[in-house]
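Novice: okay, structure incoming, though there's no sequence with it:
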């Protein structure tokens, strides 16, 4: 299944570093740039942020299908990053909303599918999928480096220089993608629909249906963090709000390295449960508006992000047939980064506006809302979710409870 080349993990780690570094370069800073430099309204700012969710909704299933059946995944990755990088560079020249939004929308359509494609390349070129987190951690390092460069070297969110870092990074990633391990289409001989929706057949398994439902639902409360964290820190007069959030990424690094140990000791289902519970706990801590507890909530981000997002992709890798690998990963990105985040962003905006008086927000109810939602999803997955064991050949069809090891089994 994986390559024995000694440098394979290094090459895949560089891929993750560039992938998430170029994303962080613009994603963290663009809100402040639109607000302070371009003077966009709140509705316009939220529309630009929604481009990533819309990109995740409309693009990944099709791109996953193409990568599965027709073209090598690394070549698809290269083309998408090249187009996205050009869009980011052009966006730096725009000051009017519509052309600015249109370029970011095209970038979103190109970038969001690549999140699933880099996972597909990694999983298909390593021997032990449970150690995927050791590669994914370099995406977190890339995120930290990019945010630090923007804040300390490129003039912060008020200057448009972050577009040059993001666009240049995307073009560098486009070139680097061509050097990645050749990941040919594995399902070229198989039939399928033109949108790659054959991955939906996995929903015929009750265990996968429950998992997919919970993955979608947990992304809704999760969106509150991305929408409201920095405004919350600013309104409550916390020091260096944007820089303060980087505590979250440092905790990610620690948890990434610990994740294989947790999976081996307690199983993938319990890892996902801990991640979902961590989201509820951190929002509860934020609602108290006590600075030490806010720091603790930020430190929980490692468990929140890694034990939900990374664990979810490992779960899909275990249950999806190889010829559906990219489509299944894209379907998960569609659910979590697409529909779930879009619904969550809209809900976060509605709740924020509901609990706003004058220019200030009532933060306790804003944070308690996602805390309650995350807790409900966690309980649902505890009661109805199933664990999956590692295997070399994921099954292609739904199987009975008596199927060989590797099929979903009850994990109480």
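Specialist: Perfect, thanks for sending it. Every value quoted in this text rests on a predicted model; they were computed, and no experiment measured them.
Novice: what stretches of the stretch 51-200 of the chain score poorly on pLDDT?
Specialist: 60-65, 67-68, 130, 186-198 (pLDDT under 70).
Novice: do a quick rundown of the helices in it.
Specialist: Along the stretch 51-200 of the chain, the stretches classed as helices by DSSP state H, counting those that start in this stretch are 60-69, 73-91, 97-123, 132-152, 161-177.
Novice: can I get those helices in a markdown table including mean neighbour count and distance to residue 241?
Specialist: For the C-beta atoms, the positions are set from N, CA and C on the backbone; glycine is no exception. Output for the helices of the stretch 51-200 of the chain, formatted as a markdown table (neighbours: other C-beta atoms under 10 Å; distance: least, C-beta to C-beta, whole Å):
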| stretch | mean neighbour count | distance to residue 241 |
| --- | --- | --- |
| helix 60-69 | 26 | 32 |
| helix 73-91 | 22 | 24 |
| helix 97-123 | 23 | 23 |
| helix 132-152 | 21 | 11 |
| helix 161-177 | 22 | 17 |
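Novice: break this structure into its domains for me.
Specialist: If you go by automatic domain parsing, the domain ranges for the chain are 1-184, 196-412.
Novice: related to what we said a few turns ago, now the helices of the stretch 51-200 of the chain as CSV including distance to residue 39?
Specialist: As requested, those are arranged in CSV below (distance: least, C-beta to C-beta, whole Å):
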stretch, distance to residue 39
helix 60-69, 33
helix 73-91, 16
helix 97-123, 10
helix 132-152, 20
helix 161-177, 17
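Novice: quick one: which of the ones you listed is nearest residue 286?
Specialist: Among the helices of the stretch 51-200 of the chain, the nearest to residue 286 by C-beta to C-beta is helix 132-152 (20.5 Å).
Novice: also compute the angle for that closest one relative to helix 161-177, please.
Specialist: For helix 132-152 against helix 161-177, the angle by axes from the mean of the first three to the mean of the last three C-alpha atoms, to 10 degrees is 150 degrees.
Novice: distance from the chain centre to helix 132-152, please.
Specialist: With C-alpha atoms, centre = their mean, to the nearest Å as the basis, helix 132-152 stands 14 Å off its chain's centre.
Novice: now for that helix, which elements pack on it?
Specialist: Packing contacts for helix 132-152, counted by 3 or more C-beta pairs under 8 Å, 6 or more residues apart in numbering; DSSP states H and E, involve helix 8-27, helix 97-123, helix 161-177, helix 241-244, helix 246-266, helix 311-319.
Novice: for the first one, buried residues please.
Specialist: What that stands for is helix 8-27. The neighbour-count check on helix 8-27 (16 or more other C-beta atoms under 10 Å) flags 8-9, 11-27 as buried.
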